[in-house]
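Enquirer: Take this sequence and fold it.
(one chain, ligands or ions: 1)
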Amino acid sequence: MNNLNKLKSELEKINSTVKLDEPLAKYTTWRIGGPADIFFQANTINELSSAVKTANELNIPYTILGWGSNVLISDKGIRGLVIKNASKEIEIKGKSETNLPSVKEIEARLNVVDKDKYYNFDDLDYDESNSPTIEVNVASGVYLPYLINITIDKGITGLQWFAGIPGTVGGAVYNNIHGGTRFFSEVVKSVYVLNEEGEFITLSKNELEFDYDYSIFHNNNDVILSVNLILREGDKNRARETSIAWATRKRLQPANSAGCCFQNIEKTVQSELKLESNSWGYIIDKILGLKGKQIGNAKISEKHAAFIETQPGASSDDVLGLFEIIYEESKKKLGITPRTEIFFLGFEESEVNKYSSTKHESTNL
Ligand SMILES: Cc1cc2nc3c(=O)[nH]c(=O)nc-3n(C[C@H](O)[C@H](O)[C@H](O)COP(=O)(O)OP(=O)(O)OC[C@H]3O[C@@H](n4cnc5c(N)ncnc54)[C@H](O)[C@@H]3O)c2cc1C
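Expert: Residues are numbered from 1 along each chain as shown. A predicted model of the protein is given here:
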């Protein structure tokens, strides 16, 4: 029996979701991606860690997939094991003495976001830092929109700013998602991980190096198993209204995308180049004139030019083709190149290196 077959039979002892050569497109919001050699869906934290440990024992590489809303998967697929994280546990631990700082910790980087252009949420923002805190432990596979709804149902607030973001809690921590002016790191107390050495450890928030579109998990192979959140016993009705209003505004963004593909440029670069906005939506639309540009079944969105929309049958080559045009035109016209906000899975490094943002750099001039 080769190692893949051994892995298959071990995973089948955990649950029956194991598939060989499973096409991955249906597990992503772009609906792009070739087959995984072997695919497994983890339905609990324990199943997730057992699958990772089993792959490690057999020396088979593994990739964690959350909701697939922030990834481009190669048409060639992903070698080794792909684990779709659908772990579901949620535990309300009760009142907490922990009061995470309410100040915007990432203020300096946040200033690079041009709030006057494209989606502005300032009118929906409010302060609830005087409300009592409550600790909630959530499995990394929990779908964030579901978590927002059920916590608000129970009178627990603090996640309403992230309504309309389609992803898991693990994905939210991995890239420190931002909703309007809020970052997910503002509600994270600690994260329970299975680290590269095979140990189960708890990392506190200050060990996670949170920044704009960044956490320490970009630079290691730790698997995020669960997250301890510090939320609020705030105004339930206001939180509900805010989450609905927020999600409604975000519905203007195309769902058949991977969200905004490019990080906003630094304010200093914006002023050097005398640009009206630091958003790539503005640059691609007004400066590069590429809004609506199509390759195959992928298109630069007419609604927001930093989004790439796909139609059924789109390939990773179609999306990379658009990245290449944006990259080259921007270099030619402005002397800068965009940094992507998405993660490339299953590619050779040489295929995507120049678009990738996995290295944490603060300038792209
Ligand atoms: C319509 C639309 C709107 C969006 N709006 C926003 C927005 O407002 N703000 C924002 O920040 N983002 C936004 N996004 C991007 C995306 O939804 C978020 O980044 C989301 O949190 C990704 O989570 P995921 O579970 O889908 O992660 P995936 O896309 O499945 O994975 C992303 C990366 O995280 C890694 N990963 C995932 N889970 C784990 C884990 N448990 N352990 C270790 N690594 C893990 C994966 O290996 C991969 O490298 C939007 C996307 C869409 C399609």
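Enquirer: Return the residues in contact with the closest residue to the ligand within the stretch 151-300 of the chain.
Expert: Residue of the stretch 151-300 of the chain nearest the ligand, by C-beta to the nearest ligand atom: G171 (2.0 Å). (Glycine included, C-beta is placed from N, CA and C.) For G171, the contacting residues are G66, W67, S69, N70, I177, by C-beta atoms under 8 Å, 6 or more residues apart in numbering.
Enquirer: Could you do E91 as well?
Expert: V136, N137, V138.
Enquirer: Those: which ones sit near the ligand?
Expert: Filtering these for proximity to the ligand by C-beta under 6 Å from any ligand atom leaves nothing.
Enquirer: Which parts of the stretch 101-250 of the chain are strands?
Expert: Here the stretch 101-250 of the chain has its strands, by DSSP state E, counting those that start in this stretch, at 133-139, 178-179, 182-183, 188-194, 200-204, 223-232.
Enquirer: Strand partners (parallel or antiparallel) of the first one?
Expert: What it means is strand 133-139. Partners of strand 133-139 in the sheet, by DSSP bridges, are strand 90-95 (antiparallel), strand 223-232 (antiparallel).
Enquirer: Provide the angle between the direction of the longest one and the direction of strand 188-194.
Expert: For strand 223-232 against strand 188-194, the angle between stretch directions is 160 degrees (axes from the mean of the first three to the mean of the last three C-alpha atoms, to 10 degrees).
Enquirer: and strand 223-232, C-alpha only, in PDB?
Expert: This file holds the C-alpha atoms of strand 223-232, laid out as PDB (Å, rounded to 0.1, in the frame of the first residue of the first chain):
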ATOM      1  CA  VAL A 223      -3.000  24.900  12.300                       C
ATOM      2  CA  ILE A 224      -5.400  27.200  14.000                       C
ATOM      3  CA  LEU A 225      -7.800  24.900  16.000                       C
ATOM      4  CA  SER A 226      -9.900  27.200  18.100                       C
ATOM      5  CA  VAL A 227     -10.000  30.900  19.100                       C
ATOM      6  CA  ASN A 228     -10.900  32.500  22.400                       C
ATOM      7  CA  LEU A 229     -12.800  35.700  21.700                       C
ATOM      8  CA  ILE A 230     -13.600  38.500  24.100                       C
ATOM      9  CA  LEU A 231     -17.000  39.900  23.100                       C
ATOM     10  CA  ARG A 232     -19.500  42.200  24.800                       C
END
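Enquirer: Wait, A245 touches Q160, no?
Expert: No. A245 is not in contact with Q160 according to C-beta atoms under 8 Å; the separation is 9.2 Å.
Enquirer: Of those two, which one has the most company?
Expert: Q160 (25 against 16; other C-beta atoms under 10 Å).
Enquirer: Quick one, grab the pLDDT at the more buried one.
Expert: With respect to pLDDT, Q160 scores 97.
Enquirer: now it: how far from L290?
Expert: Here Q160 is placed at a distance of 34 Å from L290 (C-beta to C-beta, to the nearest Å).
Enquirer: what kind of secondary structure is S330 in?
Expert: Here S330 is recorded as helix under DSSP: H, G, I helix; E, B strand; the rest coil.
Enquirer: That one and I283 touch, don't they?
Expert: Yes. In this structure S330 lies within contact range of I283 using C-beta under 8 Å: 6.9 Å.
Enquirer: Mind checking which of these two has more residues around it?
Expert: It is I283, of S330 and I283, that has more neighbours when counted by other C-beta under 10 Å, with 28 against 22.
Enquirer: residues touching that one, list them.
Expert: By C-beta under 8 Å, 6+ apart, the neighbours of I283 are I265, L275, S277, S330, L334.
Enquirer: try 7 Å
Expert: L275, S330 (C-beta atoms under 7 Å, 6 or more residues apart in numbering).
Enquirer: Shouldn't it be within a helix?
Expert: Yes. Per three-state DSSP, I283 lies within a helix segment.
Enquirer: Now do L231 against Y192, distance only.
Expert: Distance, L231 to Y192, by C-beta to C-beta: 17 Å.
Enquirer: of the two, who's got more company?
Expert: L231 (27 against 19).
Enquirer: and the closest residue to the more buried one other than its chain neighbours, how many neighbours?
Expert: Distances taken as C-beta to C-beta, 6 or more residues apart in numbering put G158 closest to L231, at 3.9 Å, once the chain neighbours are dropped. By other C-beta under 10 Å, the residues close to G158 number 26.
Enquirer: Contact partners for G158?
Expert: Per C-beta under 7 Å, 6+ apart, neighbours of G158: E128, V187, L231, R232, G234.
Enquirer: Go again with 6 Å.
Expert: G158 makes contact with V187, L231, R232, according to C-beta atoms under 6 Å, 6 or more residues apart in numbering.
Enquirer: re earlier: between the strands of the stretch 101-250 of the chain, which gets nearest to Q270?
Expert: The closest of the strands of the stretch 101-250 of the chain to Q270 is strand 178-179. By C-beta to C-beta, the value is 18.4 Å.
Enquirer: Show me what the mean pLDDT comes to for that closest one.
Expert: Strand 178-179 shows a mean pLDDT of 90.
Enquirer: Span of stretch 29-37 from start to end?
Expert: By C-alpha to C-alpha, to the nearest Å, the extent of stretch 29-37 from end to end equals 21 Å.
Enquirer: If you count neighbours, what's buried in that stretch?
Expert: For stretch 29-37, the neighbour count (16 or more other C-beta atoms under 10 Å) marks T29, W30, R31, I32, G33, G34, P35, A36, D37 as buried.
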